[in-house]
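Enquirer: here is a sequence together with a model predicted from it:
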Amino acid sequence: MKKDNIKQFYKEFPSNPDARVKALKSILEKRGLIDQKALDEILDTYQNKVGPLNGAKIVAKAWTNKKFKADLIDNTDQVLKNMDLNGRQGEHVVVVENTETIHNLIVCTLCSCYPWPLLGLPPSWYKSDAYRSRAVREPRAVLSDFNIKLPISKKVKVWDSTSEIRYLVLPQQPASSKELSENELVSWVTRDSMIGTGFPKPPTAE
Amino acid sequence: MGGRLDPRRIDITSSNVKFKADWEKDVFAITLALGFSSLWNLDRSRYARESLEPQDYLQFGYFEKWLAGLINLLGENGIIKDGKESGGNFKKNSFRILEAKNVKKLLHMGGPTKRDSTIEKKFNLGETVSVRSNNSNTRVEKGHTRLPDYVKGRTGKVIAYHGSHILPDANAHFLGESPEALYSVEFKSRDLWDKCEHVEDTVVVDLWESYLEKFK
């Protein structure tokens, strides 16, 4: 059987991560392998441009437009492409719908795969060992850490993102929001409601 | 990680913090930028993070793993050595430097893993399947795989077929993309864990065809 051992080059760098990345960066700069402007652009993209608002717009549209919702679920990648919401870590997306009987919860037990173009970068708890270990084994206990208690009538369906498919939860629309317009609804859709660790709520409530 | 017993509560207090320190931003941006260099692929970079020294893997924070993995990738490509610039000649001609003007386009393109394939898939929707009882990489000793430990040898039902996707077990070791049919398989929680919270609860895992066997 083939062997493929990666040598531990990192051991030869300073152990403090701040010093370690500075040492690495100076090498890369010296050899002209990175362009600071490109790094700034990447950070600007994920810190300021791409975030859960993208996912919220899709959810609000799905709540108010039945045809869009059907399209979104059946032809997700094409619909997202048309809306310019595809991209890195969102190349292949599946939308899973919460119903009266099913509550969906998303995790990546192997690393921390997350639909970046729709939700931005994951919160730190999503990347934590505790969430990654526990979500598949005891999802209801995990949800109680988020102050959620599901009725016995609901089945929990946990989606472990082990491939390049990224998952987005389509939460149920709160009954109290039924009269609102698509635009008004956007602010009801929380990031956590699209991961399955929360519910949509009125924008003022915290 | 999946299913490992972990007594810790989920800490939701820092829910909107993306980076805990400035060095994390550098790690993130450099990793993404060099990901476009064409020297390695996403599966290789995951493998690099997973194969850090075990005690470091457990102790390192998320971006510390990224950083150490990245350094190892640069090391195996001859760019660094002994904690310094190697001074050697790596294949700089084939290294694509990410320029600011291309960032938007490239992030938007991403890296789709779905491939056209003429190979007929083996399993049908609704079919009961078994997961291989050994989740080691079958081609490379201690190699990369995306078959989680907690489903090996377990039985579930195919609920979706996603076409053919690059097989990480091969791609992480530069053995080609070897695209294979990719399925979502739903397992009953009670078939995975000694104690389950609710008999109806399920876990869905994406699994490549070679991870699966016909149910007997």
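Expert: Looks like it came in fine.

Enquirer: residue ranges with poor pLDDT in chain B?
Expert: For chain B, the stretches with pLDDT under 70 are B:88-92.

Enquirer: now the strands for chain B?
Expert: Ranges of strands in chain B, per DSSP state E, are B:80-81, B:84-85, B:114-115, B:128-131, B:155-165, B:180-188, B:202-208, B:212-214.

Enquirer: anything in the helix or strand of chain A with the lowest mean pLDDT near chain B?
Expert: Ranking every helix and strand in chain A by mean pLDDT, DSSP states H and E puts helix A:124-127 at the bottom, with a mean of 93. Yes: residues of helix A:124-127 are located near chain B by C-beta under 8 Å from any C-beta of the partner chain, namely A:S124, A:W125, A:K127. Quick note: C-beta positions are derived from backbone N, CA and C, even for glycine.

Enquirer: and stretch A:166-176, by the same measure?
Expert: No: shown here: stretch A:166-176 not in contact with chain B (C-beta under 8 Å from any C-beta), separated by at least 8.9 Å.

Enquirer: straight-line length of that stretch, end to end?
Expert: Terminal residues of stretch A:166-176 lie 30 Å apart, using C-alpha to C-alpha, to the nearest Å.

Enquirer: how distant is that stretch from the center of its chain?
Expert: Counting by C-alpha atoms, centre = their mean, to the nearest Å, stretch A:166-176 is centred 14 Å from the centre of its parent chain.

Enquirer: do you know how far the residue of chain B most remote from its centre is from A:R31?
Expert: Taking C-alpha atoms, centre = their mean, the residue of chain B most remote from its mean C-alpha position is B:G87, at 31.6 Å. As judged by C-beta to C-beta, to the nearest Å, B:G87 and A:R31 stand 10 Å apart.

Enquirer: where in chain A is pLDDT low?
Expert: A:205-206.

Enquirer: quick one, domains of it?
Expert: Here the domain assignment for chain A is A:15-48, A:51-194, based on automatic domain parsing.

Enquirer: give me the buried positions along the first one.
Expert: By neighbour count, and taking 16 or more other C-beta atoms under 10 Å in any protein chain shown as the criterion, the buried residues in domain A:15-48 are A:17, A:20-21, A:23-25, A:27-28, A:31, A:33-35, A:38-39, A:41-43, A:45-46.

Enquirer: give me the domain ranges for chain B.
Expert: Taken from automatic domain parsing, chain B resolves into B:22-109, B:115-214.

Enquirer: measure the shortest one end to end?
Expert: The reference is to domain B:22-109. Per C-alpha to C-alpha, domain B:22-109 runs 27 Å from first to last residue.

Enquirer: just the strands in chain A please.
Expert: A:92-97, A:102-107, A:155-160, A:165-170.

Enquirer: could you dump the ones you listed to JSON lines with distance to B:K20?
Expert: Shown next, in JSON lines, are these (distance: least, C-beta to C-beta, whole Å):
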{"stretch": "strand A:92-97", "distance to B:K20": "28"}
{"stretch": "strand A:102-107", "distance to B:K20": "21"}
{"stretch": "strand A:155-160", "distance to B:K20": "26"}
{"stretch": "strand A:165-170", "distance to B:K20": "24"}
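
Enquirer: got TSV for those strands, with mean neighbour count and distance to A:N75 too?
Expert: As requested, the strands of chain A are exported to TSV (neighbours: other C-beta atoms under 10 Å in any protein chain shown; distance: least, C-beta to C-beta, whole Å):
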stretch	mean neighbour count	distance to A:N75
strand A:92-97	20	10
strand A:102-107	24	19
strand A:155-160	24	19
strand A:165-170	24	14
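
Enquirer: those strands: which one's closest to B:D194?
Expert: Across those, B:D194 has its closest neighbour in strand A:155-160 (17.0 Å, C-beta to C-beta).

Enquirer: how about the closest one, does it reach chain B?
Expert: Yes: applying C-beta under 8 Å from any C-beta, one finds strand A:155-160 touching chain B at A:K155, A:V156, A:K157, A:V158, A:W159, A:D160.

Enquirer: for A:R132, state which of those is nearest.
Expert: A:D160 (9.3 Å).

Enquirer: hmm, B:S14 is touching A:S128, no?
Expert: No: in this structure, B:S14 is not within contact of A:S128 by C-beta atoms under 8 Å, at 10.3 Å.

Enquirer: ok, these two, which is more surrounded?
Expert: A:S128 (21 against 11; other C-beta atoms under 10 Å in any protein chain shown).

Enquirer: for that one, what are its contacts?
Expert: For A:S128, the contacting residues are B:R8, B:I10, B:D11, by C-beta atoms under 8 Å, 6 or more residues apart in numbering or on different chains.
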